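> show me the folded form of this:
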Amino acid sequence: MKKYFYFLTFLFLLTSCTEDVKFNNPAFQTLKDNIFWRGRSYTAETQTDGVFVVGGSLGYEKITFMIPQPIEQTYTLGIDNTSKAIYKNTLSGQEAEFTTGEGRGSGQIVITEYNTIDKTISGTFRFRAINVDATAEKQQINFTEGVFYKIPVGPGHQFTAN
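Numbering: from 1, shown residues only. Sure thing, here's the model as predicted:
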């Protein structure tokens with residue numbers, strides 16, 4: 001009888017252990033001033049002026065990267081206006097825009113994969129951006145440990161998460 005009890009207990013434990021796996025594919029996430037931030041919608045495309053743009057947004061907040069071309073390399077921010085990072089909050093009463101550019105901010109965007117077959121782009125980022133309003137109370141914002149993964153690429157293409 002003990003054998004049956006142990007067997008049934010073991011069988012119950014074995015069948016009750018399940019794992020709910022959720023994949024973040026695609027993903028756009030970072031630490032914004034050391035607070036976790038995950039975008040709910042993503043976009044990557046070449047604009048009409050030839051600039052390649054990768055972006056992620058969460059409600060009224062949006063992070064946008066502008067780079068000259070989507071090739072696997074490191075783009076340094078704060079040196080020129082060719083490679084830029086922009087953060088905007090458009091919530092009424094909390095409007096703010098922070099940017100990098102020539103002599104403004106610092107950081108890097110690293111394109112780790114540009115898949116032309118699946119039409120996706122992946123990479124990492126970190127940056128410190130300066131407020132465009134010099135009179136604002138908060139003058140800079142920091143993003144660290146940023147990742148964008150398998151963001152669909154295409155003219156006007158946008159993917160929205162569930």
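
> beta-bridge partners for Y42, please?
Beta-bridge partners for Y42, by DSSP bridges, are G56, F159.

> and the strands in the chain?
All strands of the chain, identified by DSSP state E, fall at 27-32, 35-38, 41-46, 52-58, 61-67, 74-77, 84-89, 96-99, 106-115, 120-131, 140-152, 158-160.

> tell me the pLDDT at the closest residue to D33 other than its chain neighbours?
Leaving aside its chain neighbours, D33 sits nearest to N142 (5.6 Å; criterion: C-beta to C-beta, 6 or more residues apart in numbering). Every C-beta, even on glycine, is put in place using the N, C-alpha and C of the backbone. We have a pLDDT of 97 for N142.

> next, count neighbours for N142.
17 (other C-beta atoms under 10 Å).

> quick one: contacts for it?
K32, D33, N34, F127, R128 (C-beta atoms under 8 Å, 6 or more residues apart in numbering).

> beta-bridge partners for the last one, please?
Spelled out, that is R128. Assigned bridge partners for R128, using DSSP bridges, are S106, N142.

> so how far is N34 from it?
13 Å (C-beta to C-beta, to the nearest Å).

> gap between the nearest residue to E72 once chain neighbours are set aside and Y87?
Nearest non-adjacent residue to E72, counting by C-beta to C-beta, 6+ apart: I111, 5.1 Å away. Using C-beta to C-beta, I111 is found at 19 Å from Y87.

> check T74 too.
In terms of C-beta to C-beta, T74 sits 20 Å off from Y87.

> those two: which is more packed in?
Y87 (21 against 12).

> residues in contact with the residue nearest to the spatial centre of the chain?
A centroid search over the chain (C-alpha atoms, centre = their mean) returns F28, at 2.8 Å, as the residue closest to the centre. Counting by C-beta under 8 Å, 6+ apart, F28 touches R38, G39, Y42, G55, G56, I63, V147, F148, Y149, I151.

> and the nearest residue to the first one once chain neighbours are set aside, bridged to which residues?
With C-beta to C-beta, 6+ apart as the criterion, R38 has its nearest non-adjacent residue at 4.2 Å, and that residue is Q29. Using DSSP bridges, the beta-bridge partners of Q29 come out as R38, V147.
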